[in-house]
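In: my questions concern the predicted model and sequence given below.
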Amino acid sequence: MHIPDGFIDPQTSAIFGVAAAAGVAVSIRGAREQLETKTAPLAGLTAVFIFAVQMLNFPVAAGTSGHLLGSALAVVLVGPHAAVLSLSVVLIIQAFLFADGGLSALGLNIFNISIIGVWFSYGAFLLVRSLLPKTKSSVVVASGVAAFLSVPVAATGFVLQYWLGGTATFSVSAVFTAMFSTHVLIGIGEAIITVLTVSSVLSSRADLVFGWEGKSTLELRTVPA
């Protein structure tokens, strides 16, 4: 999923770089209103967790491998705006320190994973959750479905970018077939990791989970003398 330098032409890279920057700017403003004092640290922990898990690749097919994108996981735990920021920070660190994704393609990668992946995940999560009872199990199921679908959708964003400015000689249809089929398989791993993580956090600190509407609240009551 991480696009290297030179795979997309400079003009297309610049266009999506501007779009990614605009999306991050909107989320910076949104995160100020979305995050609370007690939930802000979870955004940092989510970014660290996704960074660590993205470094672990698992085999998929034909010699290819995949890793967690984390879009749906971040959305469910900390909300869409904070998710955009968390994933963007992860992608920036990976590009500068580990050469995982080209620097000229940083805007492309942020757009696909942090913008498309996050906001599609958010919409899919809300839709599935609305169809289910308002229970913790429903949150887990909705997060899994959103995670599974978000991976091929984010990969389709790359196909669009390749269609607009790809420098390789492969046909767009061949790229779409390869990317979509491979990332459907990666989506299965994404869903499993997301479900396990969301379940774990819900069982221990459900009050911190953005996607759980049944958050517990502390009430101060005056006890009669």
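Out: Good, I have the coordinates. Here the structure is a predicted model, which is why all the values come from computation and not from measurement. Numbering: from 1, shown residues only.

In: report the buried residues of stretch 84-97.
Out: 84-92, 94-95 (16 or more other Cβ atoms under 10 Å). To be clear about C-beta, it is placed using only N, CA and C from the backbone, and glycine gets the same treatment.

In: in TSV, list these along with pLDDT.
Out: Output for these, formatted as TSV (pLDDT from 0 to 100):
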residue	pLDDT
Val84	96
Leu85	95
Ser86	94
Leu87	95
Ser88	96
Val89	94
Val90	93
Leu91	93
Ile92	94
Gln94	89
Ala95	89
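
In: pick the one among those residues closest to Ala20.
Out: Ser88 (7.8 Å; Cβ to Cβ).

In: hang on, that closest one in a strand?
Out: No. The assignment for Ser88, made by DSSP: H, G, I helix; E, B strand; the rest coil, is helix rather than a strand.

In: what's the first helix or strand after the helix or strand bottoming out on mean pLDDT in the chain?
Out: Lowest by mean pLDDT, DSSP states H and E among the helices and strands of the chain is strand 65-66, with a mean of 55. Heading C-terminal from strand 65-66, the first helix or strand you meet, by DSSP states H and E, is helix 71-78.

In: what residues does that following helix touch?
Out: Identification of contacts with helix 71-78 by Cβ atoms under 8 Å, 6 or more residues apart in numbering yields 35, 39, 42-43, 46-47, 50, 82-83, 86-87, 113-114, 117-118, 120-122, 124-125, 139, 142-143, 146-147, 150, 154, 190, 193-194, 197-198, 201, 208-211.

In: before we move on, the earlier item: can I get the buried residues of stretch 84-97 in a markdown table with distance to Ser13?
Out: Shown next, in a markdown table, are the buried residues of stretch 84-97 (distance: Cβ to Cβ, whole Å):
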| residue | distance to Ser13 |
| --- | --- |
| Val84 | 19 |
| Leu85 | 21 |
| Ser86 | 23 |
| Leu87 | 19 |
| Ser88 | 16 |
| Val89 | 20 |
| Val90 | 19 |
| Leu91 | 14 |
| Ile92 | 15 |
| Gln94 | 17 |
| Ala95 | 13 |
